[in-house]
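Asker: Predicted model and sequence follow; I will ask about them next.
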Amino acid sequence: MPELEGTPTYKTGTIVKEDPVLRYSQKGTAWTRFSIKVKPRKTEENPNPEDQYYVVSAFKTLAEHICQCFKKGDRVLVAGLGSVESREYNGRTYTDKKIAAEAVGAEVTFCGVDIHRGKARSVPAAPSTQYSPGEEPF
């Protein structure tokens, strides 16, 4: 899998527009995409900052867990690689802020969460080698 390019990005925001939906690529890889709204902190220089919107993409097990755990309106922490892309549509230029998620978690400043661990995946045991008495294993 090729390395993703981008700037390390960490955002706290609210899932907006719709619940994350699990999808599958033609090769069977699980993925999801959802939007978050981030409210920047007020400062003396900017007492009324505009909300910022990011499109978050996640793949494989992370995508599956996001779709099982989160819905529209939930507050989340997103860590990943951020990028900005410009596009034109009907003569207007739009800027899309994107994050390729490496981790997504619940933000608990204003509420708590219940954590439920899934069933642990079984790891195949290493093959055992039996030695005769007095025989060295190396």
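Answerer: Yep, it's here.

Asker: Now do residue 99 against residue 6, distance only.
Answerer: 8 Å (Cβ to Cβ, to the nearest Å). Heads up, the C-betas are built off the backbone N, CA and C, glycines and all.

Asker: Overlap of the contact sets of these two?
Answerer: Each of 80, 81, 82, 83 lies in contact with both residue 99 and residue 6 under the rule Cβ atoms under 8 Å, 6 or more residues apart in numbering.

Asker: Same list (those residues) but as a markdown table, adding secondary structure, neighbour count and distance to residue 28.
Answerer: Putting the shared contacts of residue 99 and residue 6 into a markdown table (DSSP: H, G, I helix; E, B strand; the rest coil; neighbours: other Cβ atoms under 10 Å; distance: Cβ to Cβ, whole Å) gives the following:
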| residue | secondary structure | neighbour count | distance to residue 28 |
| --- | --- | --- | --- |
| 80 | strand | 24 | 22 |
| 81 | strand | 16 | 24 |
| 82 | strand | 18 | 27 |
| 83 | strand | 15 | 26 |
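
Asker: If the residue most central in space within the chain is in a bridge, with which residues?
Answerer: Centroid-nearest residue in the chain: residue 101, 3.4 Å away (criterion: Cα atoms, centre = their mean). Note on residue 101: beta-bridge partners by DSSP bridges are residue 80.
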